[in-house]
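A.B. asks: how would this look folded up:
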Amino acid sequence: MASAVKSLSAEEIGAELGTRATLVQISSAFCQPCRATRRILADVATLVEGVADIEVDAESHLDLVRRLEVRGTPTVFVLDASGRIVRRAQGQPRKADVIAALGQVIS
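C.D. replies: Residues are numbered from 1 along each chain as shown. All right, here's what the predicted structure looks like:
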């Protein structure tokens, strides 16, 4: 499912974008897979220079969640340096898949 939103700004997600790429996780408080996803994305962000890892609470950002057509948590977006949404995935990702998605953005 692709939403009409094509990019995200630092203002929309409440944090600065990475200089090379940004991982954005939409989470909810009682989501068990969100905790594991948080660890995976943080690990990847520390491995790859210039990558920011940002978690957005779905309940606190309902307008953004609706605009992005998020139907479940966790939902992860991979943004390029300008904030353009390059990849989107719902559910807990595998670390290798996150690294591969970043490779497509950063190359």
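
A.B. asks: who touches the nearest residue to residue 92 once chain neighbours are set aside in this structure?
C.D. replies: Spatial nearest neighbour of residue 92, excluding adjacent residues (CB to CB, 6 or more residues apart in numbering): residue 33 at 4.1 Å. Backbone N, C-alpha and C define where each C-beta goes, glycine included. Counting by CB atoms under 8 Å, 6 or more residues apart in numbering, residue 33 touches 73-74, 91-92.

A.B. asks: Need the three-state assignment for residue 89.
C.D. replies: Under DSSP: H, G, I helix; E, B strand; the rest coil, the three-state class of residue 89 is strand.

A.B. asks: hang on, it packs against residue 100?
C.D. replies: No: Residue 89 is not in contact with residue 100 according to CB atoms under 8 Å; the separation is 11.3 Å.

A.B. asks: sec struct for residue 85, please.
C.D. replies: strand.

A.B. asks: begin at 39 from here
C.D. replies: Right, with 39 as the first residue, what we last looked at is residue 123.

A.B. asks: list the contacts for it?
C.D. replies: Neighbours of residue 123 in contact, by CB under 8 Å, 6+ apart: 43-46, 115-117.

A.B. asks: Tell me which of these fall in strands.
C.D. replies: In this view, the contacts of residue 123 that belong to strands under DSSP state E are 115-117.

A.B. asks: out of those residues, who's nearest residue 64?
C.D. replies: Taking CB to CB as the measure, residue 64 lies nearest residue 115 of the ones in strands among the contacts of residue 123, at 7.7 Å.

A.B. asks: what's near enough to touch residue 129?
C.D. replies: 71, 110, 112.

A.B. asks: so which of these comes closest to residue 51?
C.D. replies: residue 112 (14.5 Å).

A.B. asks: Quick check: the gap between residue 72 and residue 128.
C.D. replies: Going from residue 72 to residue 128 by CB to CB, to the nearest Å gives 12 Å.
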